[in-house]
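# What shape does this take:
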Amino acid sequence: ITGMYTAVVDKANKSIVRIDDIGSNVDSALSDTGSATETVGIIIGESEDEFIILTSSQIIGNSKEKIIKISDSTEIKARLISKEQNMGLAVLSMGKDNIPYDERSNIQAATLDNSYIISQGDTFVAAGKLYGQAESVDFGLVTGISAVSGIDNSYEIIETGIKASIGDYAFLFNLQGNVIGIS
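Residues are numbered from 1 along each chain as shown. Below is the predicted model:
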């Protein structure tokens, strides 16, 4: 069973990136767990020239440029494409030209799966910023599912036993390593 979770985590980590503000004040932004403005995003698509990243609009702030941290040694500027406050989502674009070739081969767009086929009791892996720490993973069970209707949309809330801290932002993966939700 451990090997199955390891494979899911390995696949998830190829699509998750760390995101931080450009020009954040290092002295005031650093905490025991890294930058206080750091969050995560997930690569949801790519073209010949760029990767498209989905993240939280509430956490990333208002600056038009962000830093994407591919690894501890590689940081790439990204630009804000769109921000949707009601759903709390933002889309960023990161050019491929500035990513070293050997690191580019370790990056891939996540496979988005159908969250409507999830059932109570299903096992999932959560990866992203958990417990206040970027690059964290956990696993658990879907404890419940509830439907929410808005003015022009509806969606499901996937309830889990994973405790969220303020500022956490993670992605839920099924056991095939495909994205099924956002925490």
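# just the strands in this protein please.
For the chain, the strands defined by DSSP state E occupy 16-21, 30-31, 34-35, 39-46, 50-56, 65-69, 75-84, 89-95, 123-130, 133-149, 154-160, 169-173, 179-182.
# and among the ones you listed, the most buried is which?
strand 169-173 (a mean of 25; mean count of other Cβ atoms under 10 Å). (C-beta placed from N, C-alpha, C; glycine too.)
# Please name the residues that touch the residue nearest to residue 158 when sequence neighbours are not counted.
In this structure, residue 158 finds its nearest non-sequential neighbour in residue 181, 4.7 Å apart by Cβ to Cβ, 6 or more residues apart in numbering. Residue 181 makes contacts with 115, 118, 124, 158, 171, 172, as judged by Cβ atoms under 8 Å, 6 or more residues apart in numbering.
# any idea which of those is the one closest to residue 62?
Of all these, residue 62 sits closest to residue 171, with 23.2 Å by Cβ to Cβ.
# Tell me how far the closest one lies from residue 138.
12 Å (Cβ to Cβ, to the nearest Å).
# any common contacting residues for those two?
With Cβ under 8 Å, 6+ apart as the test, residue 171 and residue 138 both reach residue 126.
# What number of residues are in the vicinity of the residue lying closest to residue 164 once chain neighbours are set aside?
Setting aside the residues directly before and after it, residue 164 is nearest to residue 183 in space (Cβ to Cβ, 6+ apart), at 6.2 Å. Other residues within reach of residue 183, judged by other Cβ atoms under 10 Å, total 18.
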